[in-house]
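1. Here is a sequence with its predicted model. Questions after.
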Amino acid sequence: MSWSLQSMEMFPSLVNVTRHLTWEELACKDGTGYPFKFAEDGRVYRLAQVFENIRSLCLDKPIKIHSAYRTPEWNKKVGGVANSQHVQGIALDLEHTVMSNAMFHALILENWRALGVRGIGQYKTFVHIDIRDSPKLAVWSGKDT
């Protein structure tokens with residue numbers, strides 16, 4: 001079972017995961033909802049807290065989510081890596097609506113531990129963050145930076 005627009009309509013209180021993050025924003029771009037099992041095991045709430053931490057650090061300015069959960073099929077279609085954190089429901093591709101991508105990346109990188117980020121990738125139009133299970137930070141740059 002996964003979250004869908006239909007289930008959110010039946011339970012309007014479930015539209016937001018947190019104050020600034022909706023289930024719709026977490027859903028796969030192919031229309032598949034965020035998997036219920038990822039909510040049940042708590043990973044969605046850990047990811048949402050990291051998102052809220054980042055937003056708070058950025059003075060509560062809006063952050064656009066380019067990508068969150070991906071089905072394996074969608075991940076392959078968009079050229080994602082085979083072991084993508086998106087498929088596990090623990091990654092977000094983010095764009096700050098006010099500051100530059102480079103500044104946004106630098107701010108998250110400087111505060112990664114306090115924010116709860118464990119993976120950060122810089123791309124031309126967005127910053128990838130994830131909450132992989134690791135005490136160390138994974139850092140990389142996309143080929144289009």
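-> Yes, it's here.
2. All the strands of the protein, in order from the start?
-> Using DSSP state E, the strands of the chain run over residues 16-18, 21-22, 63-67, 91-96, 119-122, 127-130, 138-141.
3. Columns mean pLDDT on top of the ones you listed, output as CSV?
-> What follows is the strands of the chain, written out as CSV (pLDDT from 0 to 100):
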stretch, mean pLDDT
strand 16-18, 92
strand 21-22, 94
strand 63-67, 98
strand 91-96, 98
strand 119-122, 98
strand 127-130, 98
strand 138-141, 97
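4. can you tell which of those is closest to Gly80?
-> strand 63-67 (8.6 Å; CB to CB). Where you see a C-beta, it was placed from the backbone N, CA and C, and this is true even at glycine.
5. related to what we said a few turns ago, make JSON lines out of the strands of the chain and add mean neighbour count and distance to Val50.
-> As requested, the strands of the chain are exported to JSON lines (neighbours: other CB atoms under 10 Å; distance: least, CB to CB, whole Å):
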{"stretch": "strand 16-18", "mean neighbour count": "17", "distance to Val50": "10"}
{"stretch": "strand 21-22", "mean neighbour count": "18", "distance to Val50": "10"}
{"stretch": "strand 63-67", "mean neighbour count": "17", "distance to Val50": "12"}
{"stretch": "strand 91-96", "mean neighbour count": "22", "distance to Val50": "8"}
{"stretch": "strand 119-122", "mean neighbour count": "19", "distance to Val50": "11"}
{"stretch": "strand 127-130", "mean neighbour count": "24", "distance to Val50": "7"}
{"stretch": "strand 138-141", "mean neighbour count": "12", "distance to Val50": "14"}
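6. what about the residue nearest to Leu137 when sequence neighbours are not counted, how many neighbours?
-> For Leu137, ignoring the flanking residues on the chain, the nearest one in space by CB to CB, 6 or more residues apart in numbering is Trp112 at 5.3 Å. Applying other CB atoms under 10 Å, we find 17 residues neighbouring Trp112.
7. about what we covered before: kindly reformat the strands of the chain as TSV and extend each row with distance to Arg55.
-> Output for these, formatted as TSV (distance: least, CB to CB, whole Å):
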stretch	distance to Arg55
strand 16-18	9
strand 21-22	9
strand 63-67	6
strand 91-96	9
strand 119-122	16
strand 127-130	12
strand 138-141	21
